[in-house]
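Peer 1: Pasting the sequence and the predicted coordinates here, then a few questions.
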Amino acid sequence: MSQSESRALSEQELQDLVAASDSGARSPTGAVGLFIAAVALIWSIFQVLLASPVAPYILPADAINNSRQIHLAFAMFLAAMAYPLFKHSPRSYIPWYDWALGLAGAFLALYGYFFYDKIVQNGGLADTQDAYFALAGLIILFIASYRVLGPVMVILAVVFLAYVFFGASDYVPDQIRWAGASLRKAMSHMWITSEGVFGIALGVSTKFVFLFVLFGALLDKAGAGNYFIKMAFGALGHLRGGPAKAAVVGSAATGLISGSSIANVVTTGTFTIPLMKRVGFSAEKAGSVEVASSVNGQIMPPVMGAAAFLMVEYVGISYVEVITHAFLPAVISYIALVYIVHLEAVKNRMPTIGNKVVNLFNTVLGMFGFFAGFALLCYATQYPVGWIVSLFPEGAGWILSALLGVIYLGLVYLAAQGPDLEPDDPNAEVVELPDVAVIYKTGLYYLLPIVVLVYFLMIERKSPGLSAFWATFLLFFILLTQKPLKALFRGEGNFGARLKDGVLDLVGGMIDGARNMIGIGLATATAGIIVGTVSLTGIGQVMADFVEFLSGGNLILMLIFVAILSLILGMGLPTTANYIVVSSLMVGVVVELGAQNGLIVPLIAVHLFVFYFGIMADVTPPVGLASFAAAAVSGGDAIRTGFTAFFYSLRTVALPFVFIFNTDLLLIDVTWTQGIIVFIVATIGILVFTAATMNWFLTKNRIWETVAMLLIAFALFRPGFFMNQIQPPFENVEPAAFAQAVGEAQPGNQLRLVISGPDFDTLEVKEVTVPVTVPEGADAQARLDTLGFIIYDEDGVQRLDEPMFGTELGDALSSFDFYGDEPVQIASVQATADQLPKELIFIPALLLLGLIAFLQHRRAEPDLQGEPA
């Protein structure tokens with residue numbers, strides 16, 4: 001071990017690290033331990049019942065209506081039980097003050113439930129008693145968040161809360177001063193109503209996130225995590241840099257069901273990092289690969305660290321649309337990471353593991369076939385289901401359940417023909433590569449709950465909560481029966497003991513799921529204070545002014561500053577809280593300043609932009625929680641691991657800038673054919689970008705080749721930029737001719753207006769770009785009425801009257817003052833112009849890439865040609 005390396009932690013120490021981060025470092029034994037486990041189990045049962053179709057028949061209406069309060073009460077109580085308050089607090093028993101804090105926290109979380117009638121009589125506002133109880137609730141929430149999430153989240157929330165109370169002080173600069181709030185008003189907003197702590201974020205945690213976290217915990221308890229890792233290692237371990245490639249794919253599979261990058265690092269890293277070091281990766285590089293792939297798991301649908309469900313609420317689109325838009329960037333980011341690992345292995349001539357004959361083409365084709373086949377299976381399920389429903393409309397549910405049970409029995413029988421998969425020892429003297437052709441059948445039944453989840457989400461379009469309920473319900477059945485059925489099929493006996501093991505696995509998985517939710521529940525509640533502050537004080541406008549001042553109005557600089565602020569705000573926060581904070585503060589900044597600079601971006605693109613940079617805080621020093629976890633596994637230096645991981649994550653940094661300017665990457669308004677072309681071209685683009693940043697393609701790049709490849713990647717990602725230089729996408733129309741242009745345009749065509757006028761708050765004249773899609777209508781006036789325009793000519797100026805409240809145009813122009821001396825007017829109009837397809841730019845870009853490949857192939861070192869991949 002080099003001097004720069006620290007001691008790698010033992011397996012037990014690593015599990016303690018994950019526990020301290022995700023489920024609590026304290027696990028008392030005896031009656032107290034059983035009591036805590038029982039509370040966690042009851043929480044899981046309550047959440048499962050709440051998500052079930054029978055909730056209205058089983059749970060009291062009051063419990064359903066106040067489910068957010070109950071959710072937070074469980075989280076606050078279990079936080080006091082499972083997480084020590086101080087560094088030297090006891091781990092084996094619970095001190096009296098934690099009992100007091102836990103019980104007080106649970107009571108105060110349920111305050112609105114207990115005193116609901118009184119609060120309603122007060123019109124939903126807090127009286128003096130309510131305000132003091134709410135303040136006590138906030139204090140205990142801060143204590144709970146500190147012990148679970150660390151100081152960063154609490155400090156942020158306290159700063160924002162202080163702004164609520166002291167923002168009117170003379171010590172506060174004029175630019176950010178506001179009117180201030182009394183204790184009663186602030187506490188009503190933060191604790192009594194659904195604007196603060198009990199707002200949208202906690203609601204999403206209650207309705208959706210718990211079930212998905214529980215689903216992941218149960219799937220892992222069933223053995224799926226080990227199965228995914230073995231499959232990835234068996235498929236890729238024999239390639240050059242194989243352990244690192246297996247780490248990437250295994251982390252991608254784990255990331256599908258995990259909400260924690262730290263748990264992902266430790267779960268897959270304990271196996272892959274030692275193997276990466278054996279084939280030649282340094283401790284820091286091995287840890288960095290694991291960090292980059294694990295953090296990437298947070299951008300991979302369907303869970304996305306719970307952010308996907310929050311985006312549904314914040315953006316106002318369906319869950320299916322959210323994961324559709326997020327899918328392509330996540331996939332090509334993982335493809336690029338595999339390529340990074342490949343280039344590292346080739347550059348350093350790393351050896352392969354095992355004596356398996358390598359056929360790279362067959363490996364890639366096999367993996368693509370598996371994922372494509374799985375996707376096709378999920379999609380094709382609708383046809384036999386639809387056929388059965390049409391034939392047996394009354395009993396279809398029972399028939400489908402029976403059919404699913406038969407398929408499950410068949411797959412378990414197939415799995416029982418071989419031994420159960422045991423975790424491999426990465427430090428063994430001889431590492432045996434798993435044979436995919438042999439082991440794949442041992443875990444095929446793990447895919448059934450995922451198929452059920454995808455089917456209900458994507459085909460039936462059920463709510464995420466109900467979809468996760470049915471998938472989780474199937475996992476209950478699998479956990480209870482897999483061991484007894486395998487024993488039966490193998491003729492081993494001990495059926496009762498195996499059934500008992502299944503019950504213990506199910507109970508253990510439900511307890512793990514609840515304990516893993518403590519941090520998320522508290523994070524969403526505490527982040528609600530920041531959201532409540534934004535809605536109460538209007539601080540979001542101040543952030544926009546601050547970024548505009550820093551960027552000087554330059555669009556690219558504005559995006560860079562927003563990215564940096566998102567990184568800073570995300571430091572030390574779990575993914576869910578991270579997204580809530582950065583989206584609350586930064587989304588409005590990008591939308592407003594973008595509109596002022598002529599950039600019209602769909603809201604989902606802006607949310608994904610800030611989300612990507614927020615989670616990068618898990619990578620970047622000095623906080624970089626995932627980097628510290630990886631260094632604990634590898635024994636490497638944590639800071640160097642973080643910087644190397646950030647370098648490996650450059651493609652994740654570049655992608656948000658790409659899809660802000662080219663929304664095709666998010667599959668917005670593209671056909672199936674266009675989507676396939678976008679996927680192929682974007683994949684080539686990200687690989688070219690990766691080769692440029694790694695300074696290696698077929699051999700070491702020359703400087704001009706690196707520059708050319710960066711240009712090629714830019715052209716593939718943003719062909720519209722070059723086409724716009726050749727043929728402008730819009731033609732100017734005189735503002736006086738706007739009505740005529742609306743009348744002559746084809747319905748569905750877009751016009752871009754620049755609206756100029758005084759700002760409602762500052763009275764300073766500003767400009768905002770507003771896209772207008774021409775509607776159906778008999779004439780120009782009918783179309784203008786549909787759009788909400790009230791225009792009148794005043795000395796040649798096309799002056800606007802205030803649009804109808806609640807219309808799309810009214811929302812877009814809500815920041816203007818229509819009643820001042822300065823008019824709100826149409827400053828300029830642009831109509832869509834005929835333009836050649838932007839895809840033509842791909843041709844010269846790919847030809848230049850072919851030239852570079854030809855030149856590099858000619859000078860590539862002979863001893864590297866034909867070597868294993």
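Peer 2: Great, that's in hand.
Peer 1: Return the distance of the top helix by length along the chain from the chain's centre.
Peer 2: In the chain, assigned by DSSP state H, the helix with the most residues is helix 495-537. Taking the mean of its C-alpha atoms, helix 495-537 sits 17 Å from the chain's own mean (Cα atoms, centre = their mean, to the nearest Å).
Peer 1: what's it packed up against?
Peer 2: Here helix 495-537 touches helix 30-51, helix 67-82, helix 128-149, helix 151-166, helix 200-204, helix 210-222, helix 464-490, helix 575-596, going by 3 or more Cβ pairs under 8 Å, 6 or more residues apart in numbering; DSSP states H and E. For the C-beta atoms, the positions are set from N, CA and C on the backbone; glycine is no exception.
Peer 1: Let me know the next secondary structure element after the second one.
Peer 2: Meaning helix 67-82. Scanning forward in sequence from helix 67-82 by DSSP states H and E, the next helix or strand is helix 96-109.
Peer 1: Reformat the helices and strands packed on helix 495-537 as CSV; add mean pLDDT, distance to Ser293 and mean neighbour count.
Peer 2: Rendered in CSV, the data for the helices and strands packed on helix 495-537 read as follows (pLDDT from 0 to 100; distance: least, Cβ to Cβ, whole Å; neighbours: other Cβ atoms under 10 Å):
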stretch, mean pLDDT, distance to Ser293, mean neighbour count
helix 30-51, 94, 29, 18
helix 67-82, 95, 29, 26
helix 128-149, 92, 24, 20
helix 151-166, 88, 24, 18
helix 200-204, 89, 26, 26
helix 210-222, 88, 17, 26
helix 464-490, 92, 25, 21
helix 575-596, 80, 15, 25
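Peer 1: Make CSV out of these and add distance to Pro844.
Peer 2: Formatted as CSV, the entries for the helices and strands packed on helix 495-537 read as follows, by distance: least, Cβ to Cβ, whole Å:
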stretch, distance to Pro844
helix 30-51, 53
helix 67-82, 56
helix 128-149, 51
helix 151-166, 48
helix 200-204, 46
helix 210-222, 45
helix 464-490, 44
helix 575-596, 30
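Peer 1: Chain neighbours aside, what residue packs nearest to Ala63?
Peer 2: Distances taken as Cβ to Cβ, 6 or more residues apart in numbering place Ile70 nearest to Ala63, at 6.4 Å, with adjacent residues excluded.
Peer 1: same check, this time on Ile459
Peer 2: Distances taken as Cβ to Cβ, 6+ apart put Gln382 closest to Ile459, at 4.6 Å, once the chain neighbours are dropped.
Peer 1: Report whether the expected contact of that neighbour with Phe456 is present.
Peer 2: No: the pair Gln382 and Phe456 fails to qualify as a contact (Cβ atoms under 8 Å) at a distance of 10.9 Å.
Peer 1: more neighbours, the two?
Peer 2: Taking neighbours as other Cβ atoms under 10 Å, Gln382 and Phe456 compare with Phe456 leading, 19 against 14.
Peer 1: Show the contacting residues for the residue nearest to that one when sequence neighbours are not counted.
Peer 2: With Cβ to Cβ, 6+ apart as the measure, Ser467 is the residue that lies nearest to Phe456, at 3.7 Å, once sequence neighbours are left out. Under the criterion of Cβ atoms under 8 Å, 6 or more residues apart in numbering, the neighbours of Ser467 are 453, 456-457, 460.
Peer 1: For PyMOL, write a command that selects the buried ones of those residues.
Peer 2: Selecting only the buried members of the contacts of Ser467 in PyMOL, with burial defined as 16 or more other Cβ atoms under 10 Å, works like this:
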select buried, resi 453+456+457
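Peer 1: JSON lines for the contacts of Ser467, including secondary structure?
Peer 2: Formatted as JSON lines, the entries for the contacts of Ser467 read as follows, by DSSP: H, G, I helix; E, B strand; the rest coil:
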{"residue": "Leu453", "secondary structure": "helix"}
{"residue": "Phe456", "secondary structure": "helix"}
{"residue": "Leu457", "secondary structure": "helix"}
{"residue": "Glu460", "secondary structure": "coil"}
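Peer 1: measure Ser107 to Ala157 for me?
Peer 2: For residue 107 the amino acid is Phe, not Ser. Phe107 is 21 Å from Ala157, where distance means Cβ to Cβ, to the nearest Å.
Peer 1: Give the full set of residues in contact with the residue most central in space within the chain.
Peer 2: Centroid check for the chain by Cα atoms, centre = their mean gives Met304 as the closest residue, at 2.9 Å. For Met304, the set of contacting residues under the criterion of Cβ under 8 Å, 6+ apart consists of 298, 323, 326, 575, 611.
Peer 1: So for it, what pLDDT did the model give?
Peer 2: Met304 is assigned 73 on the pLDDT scale.
Peer 1: For Phe646, see how far away it is.
Peer 2: Using Cβ to Cβ, Met304 is found at 20 Å from Phe646.
Peer 1: Please parse the chain into its domains.
Peer 2: According to automatic domain parsing, the chain is divided into the following domains: 670-729+844-869, 730-832.
Peer 1: So which of the ones you listed is nearest Tyr113?
Peer 2: Taking Cβ to Cβ as the criterion, domain 730-832 is the member of the domains of the chain that comes nearest to Tyr113, at 33.3 Å.
Peer 1: Span of the closest one from start to end?
Peer 2: With Cα to Cα, to the nearest Å as the measure, the first residue of domain 730-832 is 5 Å from its last.
Peer 1: and it, how far from the chain's centre?
Peer 2: Taking the mean of its C-alpha atoms, domain 730-832 sits 36 Å from the chain's own mean (Cα atoms, centre = their mean).
Peer 1: Same question for stretch 66-76.
Peer 2: Relative to the chain's own centre, stretch 66-76 is displaced by 23 Å; criterion: Cα atoms, centre = their mean.
Peer 1: Just the element for Val754, please.
Peer 2: Taking DSSP H and E as the definition, one finds Val754 inside strand 750-758.
Peer 1: what pairs with whatever helix or strand comes next after that strand, and is each one parallel or antiparallel?
Peer 2: Next helix or strand after strand 750-758 toward the C-terminus (DSSP H and E): strand 765-773. Looking at strand 765-773 with DSSP bridges, its paired strands and their directions are strand 750-758 (antiparallel).
Peer 1: Residues touching the strand it pairs with, excluding its own?
Peer 2: Strand 750-758 is contacted by residues 598, 600, 730, 733, 738, 741-742, 745, 764-774, 800, 813, 816-818, 820, 822-832 when judged by Cβ under 8 Å, 6+ apart.
Peer 1: hmm, which of the residues you listed are the buried ones?
Peer 2: Among the contacts of strand 750-758, those classed as buried by 16+ other Cβ under 10 Å are 733, 738, 741-742, 745, 768-770, 772, 774, 800, 813, 816-818, 823-831.
Peer 1: Might you specify the subset of those residues located within helices?
Peer 2: 738, 741-742.
Peer 1: Going by distance to Asp505, which of these wins?
Peer 2: Checking these one by one against Asp505 (Cβ to Cβ), the nearest turns out to be Val742, at 64.6 Å.
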